[in-house]
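Undergrad: what's the 3D shape of this:
(one chain, ligands or ions: 2)
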Amino acid sequence: MLGLKMATDPRWVNLVEKSIEEILTDHAYCEQKAASSCISLIVTYSQYPDIVSSLTPIVEEEWGHFKMVLEELRIRNLTLGKPRKDEYVNLLQQKIKSIRPQYDKLLTQLLINALIEARSCERFKLLSQYCADLDLRKFYKKLMVSEAGHYTLFLKLAKSYFDPQLVDTVFDKMLELETQILSKIDLRGDRMH
Ligand SMILES: [Fe+2]
Ligand SMILES: [Fe+2]
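TA: Ligands and ions are numbered 1, 2, ... in the order given. Have a look, this model is predicted:
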């Protein structure tokens, strides 16, 4: 799905069902980080008008997702916990940034964002299909469509600033690394990734 080289083990959904408060908490912070990451791209690359104009509405959208997750917690009488170490994203950033020769920083950041959107979208899809909580199925279906759009946008931006063939090659390499990282990380029901 969306170029990913490894599908998530479907047993992940069963683990999630046992830790709804934890997964919604982790998910809320994923949305917060997605908004923060777009703000940081806008601030760092303010001289690129397409980055500013296309990512400004995404900040709002991701923050809207954050609010939607809070609402899912509220209607279940659950509370937002503390943010946890994001092992998946940290390892992804670390591994990708240690590749030599280094890729252009903008290209790297756009593709890391595309990759995280793709994996989130894949996990949301699993929840939208198999989660026992039918309201959560609907919730994740909506978000899945939105994150798929973000994946496409980040790739499109990358291809507008860099040679499309280079973008495909670099992205393929990143997808490979992502598979290695995921296979090292424990499958946990309290983590979105
Ligand atoms: Fe989102
Ligand atoms: Fe997103």
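Undergrad: get me the contact residues on the protein for ligand 1.
TA: When proximity is defined as CB under 5 Å from the ion, the chain approaches ligand 1 at Glu31, Glu62, His65. For glycine as for every other residue, the C-beta is placed from the backbone atoms N, C-alpha and C.
Undergrad: toward the C-terminus, what is the element adjacent to the helix or strand of the chain with the lowest mean pLDDT?
TA: When the helices and strands of the chain are compared on mean pLDDT, DSSP states H and E, helix 87-97 comes out lowest with a mean of 92. Going down the chain from helix 87-97, the next helix or strand is helix 105-130, by DSSP states H and E.
Undergrad: just want the angle from that next one to helix 87-97.
TA: Interaxial angle of helix 105-130 relative to helix 87-97 (axes from the mean of the first three to the mean of the last three CA atoms, to 10 degrees): 150 degrees.
Undergrad: in helix 105-130, what counts as buried?
TA: Neighbour-count burial for helix 105-130 flags 106-128 (criterion: 16 or more other CB atoms under 10 Å).
Undergrad: and Leu115, what does it touch?
TA: Listed by CB atoms under 8 Å, 6 or more residues apart in numbering, the contact partners of Leu115 are Leu92, Phe171, Met174, Leu175, Glu178.
Undergrad: again, but for Lys156
TA: Lys156 neighbours (CB under 8 Å, 6+ apart): none.
Undergrad: quick revisit: show only the entries of the residues of the chain next to ligand 1 found in helices.
TA: Glu31, Glu62, His65 (DSSP state H).
Undergrad: adding neighbour count and pLDDT, write these out as TSV.
TA: As requested, these are exported to TSV (neighbours: other CB atoms under 10 Å; pLDDT from 0 to 100):
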residue	neighbour count	pLDDT
Glu31	23	98
Glu62	23	98
His65	21	98
